[in-house]
Every structure is written in structure tokens, then in C-alpha cells.
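# Prediction below, plus the sequence it came from.
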Amino acid sequence: GIEGVIMEFIKGRLLKQIVILLLIIGFMFLFAGKVGAKSLKELRAELNELESKYSKNQSDKKQTETDIAATKGKIDEITSEKNKVSKEIDELNEEIRKLGEEIEKMREQLKDIVHYYQISSSNSVYLEYGFNASDFTDFIYRLAVSEQLSEHREKMISEYNNLMRENKKKINELAGKQTSLSKLEEELY
């Protein structure tokens, strides 16, 4: 009896366990053969691909950071140059304004000198002034005064022309600086 039932039970149970174990082993070989070999190869390929992408991204990141630093440096350089040029433009404007004032003053003085010159342009005025001298010393003095007036007139005209040339030069320089400033602003933009 009982021994037979127990043996049957153990055999049945053992048989079930063996069948389950064989099924598990079979599934493992079935899936391990297909999934394991193929998946491992695929996983290694994916790992290599991901490592390559990661390396490229790190390289791109470093390059981008380098480019950003270089761009910031260039912006700072251009901004500094722009400020320098703006300051030079302001200084040139002030110089041009001062030259304009000097030119206007000199223009008024030249009007008086030209008026006097027109009145005294005939040699007879100089001669008359010289001959109306009371003695020879006065005559020499009057000739010297006439000569000094002529020299002063020539000097004033020369100074006026120099101021006009300098003013024109400053205006041209100002135009160049303004063009340079415009280019810097475009580059900065």
C-alpha cells in the first residue's frame, strides 16, 4: 500500500519536476541561444555607437565652449575699439568746433585787414604816408610801419589758410572715424 502510493506520488512529483526543469532548460537554451548571442553582439555595437556619440558630443561641447569664449573675446575687443573710436570722434568734434571759432575770429580780423588793404592798396597812400614824415627818422619809422602792416596782413592770410586746411583735414578724419565706427558696429552686431 502506502509505500506504493508514496512512491507513485514521489515519481509523479519527481516526473513533474523533471518535466518542468527540462522545459525551463529548453526555454533557456532556446532563448539564450537566440537572444544571448544576438543581443550581446547588438548590445556591443550599440555600446560602441553610444560611446562614439558621447565622445563626439564631448568634443563638440568643448569646441562650442571654445567658440563662445573666442566670440566673447572678439565682442569685448570690438566694444573696446568702438568706445575708443567714439571718444576720438568726440575729441575731433571738439577740435573742429574750436577751429571753427578761431576761423570765425580770424575771418573778422581779415575783413578789417582786407578793408584797410583795399583803402591803402594804391602805392600813393603808402607814399603819402611816408612823405608826410616830419624828418628822415620819422620817414624810416613810417616805412617800417607800412612794411609791418603788409607782413601782418600776409601772416594773417597764411594763418587763416592753415586753419582752413587743418579744419578740412579734421573733418575728413572725422568722416573716416565715423565710417570705422559704423563698420565696428556692424561687426559687433
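Alright, I've got the coordinates.
# got the buried residues for stretch 81-88?
Of the residues in stretch 81-88, those scored as buried under the neighbour-count criterion (16 or more other CB atoms under 10 Å) are Lys82, Val85. C-beta here means a position set from N, CA and C on the backbone, and glycine is covered the same way.
# Looking at it now, give me its mean pLDDT.
Confidence over stretch 81-88 (mean pLDDT, whole number) is 85.
# which SS state does Glu46 fall under?
Classification of Glu46 using DSSP: H, G, I helix; E, B strand; the rest coil returns helix.
# what's the spacing between the helix or strand containing Asp138 and its chain's center?
Applying DSSP states H and E as the criterion places Asp138 in helix 136-188. When C-alpha coordinates are averaged (CA atoms, centre = their mean, to the nearest Å), helix 136-188 and its chain have centres 36 Å apart.
# on contacts alone, who are the packing partners of that helix?
Helices and strands touching helix 136-188, as assessed by 3 or more CB pairs under 8 Å, 6 or more residues apart in numbering; DSSP states H and E, comprise helix 37-120, helix 123-131.
# rank those by pLDDT, which is bottom?
Among the helices and strands packed on helix 136-188, helix 123-131 has the lowest mean pLDDT, at a mean of 57.
# Need the helices and strands packed on helix 136-188 in TSV (columns: distance to Thr137).
Formatted as TSV, the helices and strands packed on helix 136-188 follow (distance: least, CB to CB, whole Å):
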stretch	distance to Thr137
helix 37-120	22
helix 123-131	12
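# Which one of the ones you listed lies nearest to Asn172?
Comparison of the helices and strands packed on helix 136-188 against Asn172 by CB to CB identifies helix 37-120 as nearest, at 10.1 Å.
# tilt between that closest one and helix 136-188?
In terms of direction (axes from the mean of the first three to the mean of the last three CA atoms, to 10 degrees), helix 37-120 departs from helix 136-188 by 160 degrees.
# give me every residue that touches the spatially most central residue of the chain.
By CA atoms, centre = their mean, the chain has its centre lying nearest to Ile78, at 2.1 Å. Residues in contact with Ile78, defined by CB atoms under 8 Å, 6 or more residues apart in numbering, are Leu184, Glu187, Leu188.
# Excluding chain neighbours, what is closest to it?
Beyond its immediate neighbours in the sequence, the residue positioned closest to Ile78 (CB to CB, 6 or more residues apart in numbering) is Leu188, lying 4.7 Å away.
# And Thr79, by the same measure?
Nearest non-adjacent residue to Thr79 (CB to CB, 6+ apart): Leu188, at 6.6 Å.
# Nothing else from me, thank you.
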